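Colleague: Could you work out the structure for the sequence below:
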Amino acid sequence: MSKKKKFAFAAALTGAAAAAVTAGMYLRQEAAKRKPFAIEEITLTEIQKALKLGQVTSKDLVQMYLDRIEQFDKSGPMLHSFLEVNPDALHEAEACDVKRTVTSDIGPLFGVPVIVKDNVSTSGKMHTTAGSVALEMNQAAEDAFVIKQLKKAGAIILGKANLTEFANFITEGMPNGYSSLGGQVRNPYGAAFDVGGSSSGTAAAVAANLAAVGIGTETSGSIICPAAYNSVVGIKPTIGLVSRSGIVPISHSQDTAGPIARTVQDAVLLLNAIAGVDEDDEETIWGQGDVAKDYSIFLKRGELKNARLGIDRRYLDSVSDEKAEIINHALDIMREKGAVIVDPAIIPSTDTLEERKSSVMIREFAYDMNQYLENLSDHVPVHSISELIAYNRAHSDKALRYGQTLLEKADKLSSDLGDRHYLSDRAEDLRLSRKEGIDAVVKTRKLDALIFADYQGSDLAAKAGYPSITVPAGYTTKGEPIGITFVGMAFSEPRLIELAFSFEQATHCRVKPAL
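Modeller: Model prediction:
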C-alpha cells in the first residue's frame, strides 16, 4: 500500500471511529432519556449528569420536587418543612434550561432546586419572616450575600424553610421546629422524634428529598442539631468563612450560615458556592486568608488512617445508652480504619462553661435585632424589639403560644456593646472555649479533631467560632437517627471534611425515611 493510500485509510478509520463515538453518545443519551428518573437520594453530581444527558430538565426537576412537597409536606405526614414555595421557581428553571444550551459555564448547582431557611433574605415575591407572624409581610429589598452566591452558581431557590421562630431566640421552652407562622416541623423519621432546631425545616426537607440541598443557619447548634436528628450532613463553618449579611441576626460573634445535604460531597459543593468575601460582613474580610478556594479537593477516602481523634466522654452523659452504644461502634469502625482514638480527651473548661451564664448572646441580640428591625420597610408593623413584643401581645392567640421571655429580657438590657459586663463576658467566652477549651485539648493531645454525639459540644464550638461537621452515624431500634460530629480549630474545614467524608464512605449509614 502506498504512503498516500495509507494516510487515506487511516483518515477513514479516524472518521469511522469518530462517527462511532458520536453514535455511541447519541444512543447513551437516548437510553438515558427513556430510563425513569427518580429524585430520591439523588446527588448533585447525578443531577448534573441527568441534566447533561437530557434525562431530565431543570423545569422537570422543580416540578418533581413541588409534587413531593404537596404529597409529603402539605399532606400525608404533613412535615411542615416549607413556609413558602418560590412562585417563580418553574420560570427560573426554564431560564436555566435555555441557558444550558448556550453556555459551558455550568457548575454543580446550576439548575438545582435549593431550600433556604426563612431567616435568610430573598428579594422578589418570597418573604423573609424568621417564622414570625409579625414579619409575615416582610419582603427584602435585596438578596442576602449567601443567596447572591447561590444565584451566581445557577441554583434555583425552591422555597423558604420553616424554622424554630427567630432561630429559637424568642422564648424559653419553645419546641424545636415550631414557629407561629408555620406551625410545627415534623421529623420525617417519625413524628415522635425531636426534629432539632432551629434549621429544622431545612434539615427535614432535605432528609425527605423535598429539595436537593439546603441552607441553614447556626448560632449554637442550629445546623448541627437538626442535621443529626434528621440523618443528614450539616456543616457549621468557621465564623468568617460564610457571610451573615442579609440574615436575621441573633449574635454577630456566633451567627453563620451553612450547608445541609444528604452527603458530605453535596454539603462541600454547597459550601464552595456560598463561601466568599462580603464587604458588608467584615468577619469574611479578616478570615479569608485561611480559606481554601475549593473544598472538594479534600473529599478523600482513607483519611481516618493515623488520624488522632479525641472524645470527652462527659458529653455522652446526656445521650441515651443506645445512642452512646452507636457512637462507641462508630469509634470502633474508625479504629479499624487506622484512627487513633484518644479516650478520654478531657476539655479543661467544660465544667466551668456549663456552670456560668454568659450575657453575650442576649446582649448582641438586643443590639443586632434592633438594627435589623429598624431597617425593615413600612409594610412590616414592627421596627424594634419593643414593637415586636407589643405586636405579639396584641396577637397573642397566634403569636404567643409559648411566650416571649427572651424578647422581654433583651428589651430590658442595654444594647451598648461597649458595656463592661458584655466585654468581660465575651473575653471569658473566648478564653474558655478557645485557649482553655478546644485549643488546649487539640494542641496538648495532638488531635486532628474532637468527636461528639449529635450536637453535644456545639455550644463550645459556637462560642469559639470554630467549625463542626455532622454525619449520620446510625439509628436506634425505634428508628431515631443519631449523628456523629467532628469539631476542629479555626478554619480546619479541610481536615474535618477529610475525616467526615472518610467516615461516611466507610459506613454509608444514612437510610432514607419511609414517608
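Colleague: Helix, strand, or coil at residue 451?
Modeller: Secondary structure, DSSP: H, G, I helix; E, B strand; the rest coil: residue 451 is strand.
Colleague: Next up, the contacts around the closest residue to it other than its chain neighbours.
Modeller: The shortest distance from residue 451 to any non-neighbouring residue, by CB to CB, 6 or more residues apart in numbering, is to residue 311 (4.8 Å). C-betas here are computed from N, CA, C, even on glycine. Neighbour list for residue 311: 331, 341-345, 450-452 [criterion: CB atoms under 8 Å, 6 or more residues apart in numbering].
Colleague: Looking at the residues you listed, which one is closest to residue 130?
Modeller: The nearest member of these to residue 130, counting by CB to CB, is residue 452 at 27.6 Å.
Colleague: any idea how far the closest one is from residue 229?
Modeller: Residue 452 sits 14 Å away from residue 229, going by CB to CB, to the nearest Å.
Colleague: With residue 456 instead?
Modeller: With CB to CB as the criterion, residue 456 and residue 229 are 12 Å apart.
Colleague: what about these two, which has more around it?
Modeller: residue 229 (28 against 23; other CB atoms under 10 Å).
Colleague: next one: phi and psi at the more buried one?
Modeller: Here is the backbone geometry of residue 229 (degrees, to the nearest 10): phi -70, psi -20.
Colleague: these two touch, right, it and residue 187?
Modeller: Yes: Residue 229 is within contact range of residue 187, at 6.5 Å (criterion: CB atoms under 8 Å).
Colleague: Now list whatever residues contact both of these two.
Modeller: Shared contacts of residue 229 and residue 187, counting by CB under 8 Å, 6+ apart, come down to 193-196.
Colleague: between those, which has the most around it?
Modeller: residue 195 (31 neighbours).
Colleague: Helix, strand or coil: sort out it for me.
Modeller: The three-state label given to residue 195 by three-state DSSP is coil.
Colleague: coming back round to it: can you tell me which of the contacts of residue 311 comes closest to residue 182?
Modeller: residue 452 (29.2 Å).
Colleague: Show me what the closest one bridges to in the sheet.
Modeller: Note on residue 452: beta-bridge partners by DSSP bridges are residue 485.
Colleague: thought it was touching residue 315?
Modeller: Yes: in terms of CB under 8 Å, residue 452 counts as a neighbour of residue 315; the distance is 5.5 Å.
Colleague: Please identify which of these two sits among more neighbours.
Modeller: residue 452 (26 against 20).
Colleague: Can you read off the pLDDT for the more buried one?
Modeller: In this model, residue 452 is scored at 98, pLDDT.
Colleague: any idea how far residue 228 is from it?
Modeller: 9 Å.
Colleague: shared neighbours, the two?
Modeller: In contact with both residue 452 and residue 228: residue 485, using CB under 8 Å, 6+ apart.
Colleague: ok so, going back, now the shared contacts of residue 229 and residue 187 as JSON lines including pLDDT and distance to residue 217?
Modeller: Supplementary listing: these in JSON lines, determined by pLDDT from 0 to 100; distance: CB to CB, whole Å:
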{"residue": "193", "pLDDT": "98", "distance to residue 217": "22"}
{"residue": "194", "pLDDT": "98", "distance to residue 217": "19"}
{"residue": "195", "pLDDT": "98", "distance to residue 217": "16"}
{"residue": "196", "pLDDT": "98", "distance to residue 217": "13"}
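Colleague: helices or strands up against whichever strand or helix holds residue 226?
Modeller: Element membership for residue 226 (DSSP states H and E) is helix 224-229. If contacts are counted by 3 or more CB pairs under 8 Å, 6 or more residues apart in numbering; DSSP states H and E, helix 224-229 sits against helix 200-207, strand 213-218, strand 233-236, strand 468-475, strand 481-487.
Colleague: chain center to it, what's the gap?
Modeller: 10 Å (CA atoms, centre = their mean, to the nearest Å).
Colleague: next one: stretch 428-446
Modeller: Relative to its chain's centre, stretch 428-446 lies at 25 Å (CA atoms, centre = their mean).
Colleague: Pull the residues that contact that stretch.
Modeller: By CB under 8 Å, 6+ apart, the list of residues contacting stretch 428-446 reads 308, 310, 312, 342, 345-350, 352-353, 356, 358, 360, 447, 449-450, 460-461, 463-464, 466, 487-489.
Colleague: out of those residues, which are inside strands?
Modeller: Judged by DSSP state E, strands contain the following of the contacts of stretch 428-446: 308, 310, 342, 449-450, 487.
Colleague: Drop anything exposed from those residues.
Modeller: Buried members of the ones in strands among the contacts of stretch 428-446, counted by 16 or more other CB atoms under 10 Å: 310, 342, 449-450, 487.
Colleague: can I get those in a markdown table with distance to residue 372?
Modeller: Shown next, in a markdown table, are these (distance: CB to CB, whole Å):
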| residue | distance to residue 372 |
| --- | --- |
| 310 | 38 |
| 342 | 42 |
| 449 | 34 |
| 450 | 33 |
| 487 | 29 |
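Colleague: and those, which two are the farthest apart?
Modeller: Within those, 342 and 487 form the most distant pair, 13.6 Å apart (CB to CB).
Colleague: those strands in the stretch 251-400 of the chain, which residues are they?
Modeller: For the stretch 251-400 of the chain, strands defined by DSSP state E, counting those that start in this stretch occupy the ranges 256-261, 308-310, 340-342.
Colleague: Can you lay out those as TSV showing mean pLDDT and distance to residue 282?
Modeller: Output for those, formatted as TSV (pLDDT from 0 to 100; distance: least, CB to CB, whole Å):
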stretch	mean pLDDT	distance to residue 282
strand 256-261	98	14
strand 308-310	98	33
strand 340-342	98	36
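Colleague: Mind putting those into TSV with distance to residue 92?
Modeller: Output for the strands of the stretch 251-400 of the chain, formatted as TSV (distance: least, CB to CB, whole Å):
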stretch	distance to residue 92
strand 256-261	21
strand 308-310	43
strand 340-342	47
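Colleague: Highest mean neighbour count out of these?
Modeller: Most buried of the strands of the stretch 251-400 of the chain by mean neighbour count (mean count of other CB atoms under 10 Å) is strand 256-261; its value is a mean of 29.
Colleague: Check which helices and strands that one sits against.
Modeller: helix 200-207, strand 213-218, strand 233-236, helix 264-274.
Colleague: any idea which helix or strand comes after the lowest-mean-pLDDT helix or strand in the chain?
Modeller: Least confident helix or strand of the chain, by mean pLDDT, DSSP states H and E, is helix 3-34 with a mean of 47. On the C-terminal side of helix 3-34, the closest following helix or strand by DSSP H and E is helix 44-53.
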